[in-house]
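[1] Build me a model from this:
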Amino acid sequence: MIPAQEALSRLREGNRRFADDLRDRDILTSETRRRALTVSQEPFAIILGCSDSRVPAEIVFDQGLGDLFVIRVAGNIVAPSQVGSVEFAASRFCTRLVVVLGHSNCGAILATLEEMGRQSNEQSRNLRAIVDRIRPSIESLIKTELSHDSEALVHEAVRANIRASANHLRHGSEILEQLIQKEGLLVVGAEYSLETGIVDFFDGAPK
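    Presented below is the predicted three-dimensional model:
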């Protein structure tokens with residue numbers, strides 16, 4: 001079992017390699033590695049990330065087969081299936097780090113802000129289910145000075161949504177709460193910059 005702090009260091013180092021274009025693609029996807037994983041897996045981190053095609057977790061963290069247990073959903077929201085997936089990996093594989101990974105200019109955040117500005121009856125109920133999970137974390141921002149600065153509003157909304165998802169995992173599951181209190185599970189929130197390729201672990205991460 002890899003402790004949460006060590007796992008976090010691995011992710012930081014991997015992202016640094018990615019941002020500096022120093023990835024070793026052959027090692028990460030080798031046939032030897034693939035064969036070694038046919039019987040079991042021991043992912044050192046769980047990533048709950050956005051489905052955005054520009055933010056594949058294994059690539060931005062420079063990790064290979066079997067390293068990460070990745071759950072992806074638009075807006076990196078937390079619904080029961082996502083909580084259950086995190087519980088499964090944390091319990092079954094003794095993975096001790098969970099990262100909620102959002103990103104700059106998230107389309108789901110933009111869609112939610114648009115929906116809050118104009119109530120639309122044309123949106124599908126399935127898409128609205130995503131919007132409705134994001135809305136509570138960013139509603140208060142609309143009532144601040146940020147409403148006059150769209151770029152700053154989106155930036156803060158992305159981070160507020162990440163924090164909300166991370167807090168949901170920390171406090172919305174008895175299993176995860178017990179693992180946090182007794183087994184060293186760490187849940188952190190992070191934002192990936194589409195512009196720089198750098199991941200900022202800004203919520204709940206030890207310095």
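
[2] helix/strand/coil for E58?
    Using DSSP: H, G, I helix; E, B strand; the rest coil, the structure places E58 in helix.

[3] What separation do you get for the closest residue to it other than its chain neighbours and M1?
    In this structure, E58 finds its nearest non-sequential neighbour in L68, 5.8 Å apart by C-beta to C-beta, 6 or more residues apart in numbering. C-beta coordinates here come from the backbone N, C-alpha and C atoms, glycine included. Taking C-beta to C-beta, to the nearest Å as the measure, L68 falls 15 Å from M1.

[4] Equivalent analysis for G204, please.
    When C-beta to C-beta is applied, the distance between G204 and M1 equals 20 Å.

[5] Between the two, which is the more surrounded one?
    Between G204 and M1, counted using other C-beta atoms under 10 Å, G204 has the larger neighbour count: 17 against 13.

[6] Mind checking what helix or strand follows the helix or strand of the chain with the lowest mean pLDDT in sequence?
    Of all the helices and strands that make up the chain, helix 25-28 has the lowest average by mean pLDDT, DSSP states H and E, namely a mean of 62. Next in sequence after helix 25-28, counting helices and strands by DSSP states H and E, comes helix 31-36.

[7] quick one: that next one to chain centroid distance?
    Using C-alpha atoms, centre = their mean, to the nearest Å, the mean C-alpha position of helix 31-36 is found 27 Å from that of the whole chain.

[8] helices or strands next to the helix or strand following it in the packing?
    Downstream of helix 31-36, the first helix or strand assigned by DSSP H and E is strand 45-49. Secondary structure elements in contact with strand 45-49, counted by 3 or more C-beta pairs under 8 Å, 6 or more residues apart in numbering; DSSP states H and E, are helix 4-19, strand 68-72, helix 80-92, strand 97-103.

[9] now the helix or strand in which R163 is found: how far from the chain's centre is it?
    Mapping R163 onto the secondary structure by DSSP H and E places it in helix 150-171. Mean-position distance between helix 150-171 and its chain equals 11 Å (C-alpha atoms, centre = their mean).

[10] Report all helices and strands that that helix contacts.
    In this structure, helix 150-171 packs against helix 80-92, strand 97-103, helix 107-117, helix 125-142, helix 174-183, strand 186-192, strand 199-203, with contacts taken as 3+ C-beta pairs under 8 Å, 6+ apart.

[11] in the third one, what's buried?
    This means helix 107-117. Within helix 107-117, the residues that qualify as buried by neighbour count (16 or more other C-beta atoms under 10 Å) are A108, I109, A111, T112, L113, E115, M116.

[12] Let me see the contact set for the fourth one.
    Looking back up the chat, that one is T112. The contact partners of T112, by C-beta atoms under 8 Å, 6 or more residues apart in numbering, come to G75, V131, I134, R135, I138, A157.

[13] how about 10 Å then?
    The contact partners of T112, taken as C-beta atoms under 10 Å, 6 or more residues apart in numbering, are 75, 106, 128, 130-135, 137-139, 157, 161.

[14] That one and F18, how far apart?
    28 Å.

[15] Ok, the first one next?
    Distance from A108 to F18, counting by C-beta to C-beta: 23 Å.

[16] quick one on the thing from earlier: which one of the helices and strands packed on strand 45-49 lies closest to I198?
    Closest approach to I198 among these (C-beta to C-beta): helix 4-19, 5.2 Å.
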